[in-house]
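Asks: Here is my input; please provide its structure:
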Amino acid sequence: MDSKGVLMPLIHEHLMMPWKNLKRGPCCGCCGRFEAISDGYYCKTCDFFVRKNCADEPSEYIKHPSHPKHTLQLLRPERPTNFCNLCGRMCPIFYRCDLCDFDMDLYCSKYPPPEVIDISKTHHHRLTLLKKWIKQCICAKCCKIIGNEFPYNCHECDLSFHVDCVWYPPELELRLEVNHSYHSLHPLKLYAKGQLPDYSDGKCRLCARKIDETFFFHCSPCNFTLDKVCVLRPPQQSLLNLKAHDHQLTLLPKLDSFTCNACGLKGDRSPYVCFQCGFMIHQDCLGLPRLININRHDHRVSRTSVLGVVNSVCGVCRKKVDWSYGGFSCQRCHGYVVHSKCATRKDVWNGKELEGLPEETEDIEPYVVIDENTIQHFSHKEHYLRLNVNGVLCDDNKRCKACTHPICLQSFYGCMDCNFILHQNCAGFLRMKWHVLHNERLTLVTNKDEGFRCYACDRLSNGFKYQHGNKAFDVRCISISEPHIHPSHPNHPLYYFPSDEVQWCTGCNMEQDFVLSCIEDNCGFLLCFGCATLPQMVKHRVHDHPLSLCYGEKASGKYWCDICEKETNPHTWFYTCKDHQASLHTKCVLGDLSSLMRRSTIKIEGTSYEVVLNNSISRPFCSWCKMHCIFPIILKTLGATNEYSCSLECAECRYTDR
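Replies: Below is the predicted model of the structure:
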């Protein structure tokens, strides 16, 4: 294949580069039908890939037997929203008839699935292509869910099948026995699912995928197994991939333990090797990117063949890194390294290769310095803000516009002409940041027209937020970065590790989706984002002195909350006064509306409310739970005289009861 770029105006608007890596899918021409792809074209700017068979010589206009009435035109919209009328899959590139609203993807233009098939080996009845989607339908052949595609259906047995599980085009039809270039000693025989011998490890020799196909090929004397993908589209025998290695690489199709030089992890079969220098690499690692952003670090990280940093730990998994193997490192932060597999995890990397793209250099500073005590913040450009170093004593009337918390013994910036206030720390939040719970860069949004739910802690807020797409984080949760040191666990830092297991927060003793963990052996300390961002000191009407956060006590006897007058659990976190004569539930002290600015207006489930302080002499009744409102911030229904909701829970119950 030519090493120069290729222009294919019918397929893509940019220059396409030849691509010989094993995997760069899914293909935009065949809608990702093929997983192992060894030959195609790739546009790095758009992350657009099309395999060679789909890209070769497409015609702009065709006549097709599936739609004989009109001529079809090849189209490629900016955003793929069309579905193929023959297979039901979304098609980024397709042939279309505007008169009939008919679309057909490139693969179906070459291999249209027949309306009816009669294959006794697959099923004893005729199967009909059902041209509609079926919800939660399981394929009777492979026992997997049939997704966004049309199935074949047996009306007599009421069974459904993936198209690819029961039908192959004649051009791709498999034989009962094949001679394969990677196993020249004996022919490989066709086996059906469930016939895999007990002595086999159950994986394909070349790609290591588990054999769960409807059929596969096997050589009994050699214990050599290939899945149907590797039989139809085997990986290249040799390749020159300068991204992976400077010399030619050759596939070694045998079972043998090795350590991959690119990622430092063990492998057990079929690596690509360089006989010139002994370099060995997983097939999956051939396509490792060169330059990327990860959500654990503010700078780009680049791939290197030898990390060379002794006694270092991975910036993602926090485990030791073998410096003699490859990985990712930051050129600006000496010593920051990441395992190759950790850096390219789906929850860490957004999948975008940045090699050849200029680094984003936009101004992300939040304010302009006027003098040593005065700034102009981008969220309040009309006036200057003056620094107040001494703070004030927990005044509910003075709240930070960013985090919505009162100014409490903290330095803050106050507007010289109006009541706009920002904590000094909150004023310094950058206009764009990365966060461990999202692998796209988030933008600071300062308009507070609507409330939002923080993705990390699930609090309702109308302060500043960091947002990307439909995910938003409040500024308190966005401030948590790794390593995180919390006063409740000062001796060990905390890190975020995604887990499928049930996780219970040490602070609130509740099950949580996202927690920060201590990595020390046998520690078991877990902290949710809600508890990690609880204020260390608050003021409440039940006590003259500020209340401080207590991280639980090993105590006997009963404790009682002075606010709700119910029993408290001293082992979970609570607020206490200076003389430690009280233990107050954190929820009773703060409520679930503590992140809303007072006197603001917020809409919940279509009803508009005013956010008010519950500081009158007589506490109002909640219109829904019929109890006195005990929380410090409550909601008053706009347009109603005495209609209050004491909590978000009660406001949502109102909507449920309607």
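Asks: Low-confidence bits of the stretch 501-650 of the chain, can you list those?
Replies: 554-557, 580 (pLDDT under 70).
Asks: quick one: residue 315 and residue 336 touch, right?
Replies: Yes: when contacts are counted by C-beta atoms under 8 Å, residue 315 is listed as touching residue 336 (5.6 Å). Bear in mind the C-beta positions are built from the backbone N, C-alpha and C, glycine included.
Asks: shared neighbours of these two, anything?
Replies: residue 297 (C-beta atoms under 8 Å, 6 or more residues apart in numbering).
Asks: Looking at these two, which has the bigger crowd around it?
Replies: residue 315 (26 against 19; other C-beta atoms under 10 Å).
Asks: what residues are up against that one?
Replies: 294, 296-297, 336-338, 342, 482.
Asks: And for residue 333?
Replies: 297, 299.
Asks: for it, helix, strand, or coil?
Replies: At residue 333 the chain is in coil, as set by DSSP: H, G, I helix; E, B strand; the rest coil.
Asks: What is the distance between stretch 66-76 and the centre of its chain?
Replies: With C-alpha atoms, centre = their mean, to the nearest Å as the basis, stretch 66-76 stands 38 Å off its chain's centre.
Asks: hey, where'd the strands end up in the stretch 51-200 of the chain?
Replies: Under the criterion DSSP state E, counting those that start in this stretch, the stretch 51-200 of the chain carries strands at the ranges 61-64, 67-75, 94-97, 102-105, 116-117, 127-129, 137-138, 145-146, 152-154, 159-161, 177-180, 183-192.
Asks: Excluding chain neighbours, give the residue nearest to residue 577 in space.
Replies: Excluding the flanking residues, the one nearest residue 577 by C-beta to C-beta, 6 or more residues apart in numbering is residue 543, at 4.8 Å.
Asks: hang on, residue 652 is in a helix, isn't it?
Replies: Yes: checked against three-state DSSP, residue 652 lies within a helix.
Asks: Any buried residues in stretch 232-250, and which?
Replies: 233-236, 239, 241, 244-245, 249 (16 or more other C-beta atoms under 10 Å).
Asks: Using PDB, write down the CA coordinates of that stretch.
Replies: Output of stretch 232-250 as PDB, limited to C-alpha atoms (Å, rounded to 0.1, in the frame of the first residue of the first chain):
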ATOM      1  CA  LEU A 232     -11.500 -14.800   7.100                       C
ATOM      2  CA  ARG A 233      -9.300 -11.800   8.000                       C
ATOM      3  CA  PRO A 234      -6.000 -13.100   9.500                       C
ATOM      4  CA  PRO A 235      -3.500 -10.500  10.900                       C
ATOM      5  CA  GLN A 236      -0.600  -9.600   8.700                       C
ATOM      6  CA  GLN A 237       2.400 -11.900   8.800                       C
ATOM      7  CA  SER A 238       4.900  -9.000   8.800                       C
ATOM      8  CA  LEU A 239       4.500  -5.300   9.100                       C
ATOM      9  CA  LEU A 240       6.600  -2.100   9.500                       C
ATOM     10  CA  ASN A 241       4.900   0.000  12.100                       C
ATOM     11  CA  LEU A 242       7.200   2.900  13.000                       C
ATOM     12  CA  LYS A 243       4.800   4.000  15.800                       C
ATOM     13  CA  ALA A 244       5.400   0.700  17.500                       C
ATOM     14  CA  HIS A 245       9.000  -0.100  16.600                       C
ATOM     15  CA  ASP A 246      11.700   1.000  14.200                       C
ATOM     16  CA  HIS A 247      12.300  -2.400  12.600                       C
ATOM     17  CA  GLN A 248      10.100  -4.800  10.800                       C
ATOM     18  CA  LEU A 249       7.900  -7.000  13.000                       C
ATOM     19  CA  THR A 250       6.900 -10.600  12.300                       C
END
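Asks: circling back to that earlier point, so which of the buried residues of stretch 232-250 is the closest to residue 308?
Replies: Here the nearest of the buried residues of stretch 232-250 to residue 308, counting by C-beta to C-beta, is residue 245; it sits at 17.4 Å.
Asks: Can you pull out the low-pLDDT segments for the stretch 201-350 of the chain?
Replies: Looking at the stretch 201-350 of the chain by pLDDT under 70, you get 213-214.
Asks: swap the cut-off to 80 and go again
Replies: 212-215, 228-229, 232-233, 241-243, 310 (pLDDT under 80).
Asks: And the helices in it?
Replies: 228-232, 340-343 (DSSP state H, counting those that start in this stretch).
Asks: Tabulate those (CSV), appending distance to residue 411.
Replies: Output for these, formatted as CSV (distance: least, C-beta to C-beta, whole Å):
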stretch, distance to residue 411
helix 228-232, 62
helix 340-343, 38
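Asks: Point out the most buried one among those.
Replies: Stretch with highest mean neighbour count among the helices of the stretch 201-350 of the chain: helix 340-343 (a mean of 23; mean count of other C-beta atoms under 10 Å).
Asks: elements contacting that helix?
Replies: Judged by 3 or more C-beta pairs under 8 Å, 6 or more residues apart in numbering; DSSP states H and E, helix 340-343 is in contact with strand 327-329.
Asks: Now for the residue nearest to the spatial centre of the chain: which residues touch it?
Replies: The centroid of the chain falls nearest to residue 347 when counting by C-alpha atoms, centre = their mean (4.6 Å). Applying C-beta under 8 Å, 6+ apart to residue 347 gives the contacts 439, 498.
Asks: which of the contacts of residue 315 sit farthest apart?
Replies: Farthest pair in the contacts of residue 315 (C-beta to C-beta) is 337 and 482. Separation: 14.4 Å.
Asks: okay, these two: which has more neighbours?
Replies: Between residue 337 and residue 482, counting by other C-beta under 10 Å, residue 337 is the more crowded of the two (23 against 15).
Asks: Would you confirm that the more buried one contacts residue 325?
Replies: No: counting by C-beta under 8 Å, residue 337 does not reach residue 325; the two are 10.7 Å apart.
Asks: shared neighbours of these two, which are they?
Replies: With C-beta under 8 Å, 6+ apart as the test, residue 337 and residue 325 both reach residue 307.
Asks: and the residue nearest to residue 446 when sequence neighbours are not counted, how many neighbours?
Replies: Setting aside the residues directly before and after it, residue 446 is nearest to residue 379 in space (C-beta to C-beta, 6+ apart), at 3.8 Å. Around residue 379 there are 19 other residues, counting by other C-beta under 10 Å.
Asks: Check the contact between residue 379 and residue 415; I expect there is one.
Replies: No: using C-beta under 8 Å, residue 379 makes no contact with residue 415, being 11.0 Å away.
Asks: which SSE is residue 443 in?
Replies: Residue 443 is located in strand 438-445, with elements delineated by DSSP states H and E.
Asks: Can you list the strands that that strand pairs with?
Replies: strand 432-435 (antiparallel), strand 465-468 (antiparallel) (DSSP bridges).
Asks: Nearest to residue 99, out of the ones you listed?
Replies: Using C-beta to C-beta, the strands paired with strand 438-445 put strand 465-468 closest to residue 99, at 40.2 Å.
Asks: bridging residues for residue 303?
Replies: Beta-bridge partners for residue 303, by DSSP bridges, are residue 328.
Asks: Make 9 the starting number, not 1.
Replies: That works, and once the first residue is 9, the last one we named lands at residue 311.
Asks: Near it, how many other residues are there?
Replies: 23.
Asks: Quick check, pLDDT for residue 72.
Replies: If you check residue 72, the pLDDT there is 90.
Asks: Please disregard the earlier target; I meant residue 402.
Replies: 67.
Asks: Stretch 487-504: end-to-end distance?
Replies: Terminal residues of stretch 487-504 are spaced 14 Å apart (C-alpha to C-alpha, to the nearest Å).
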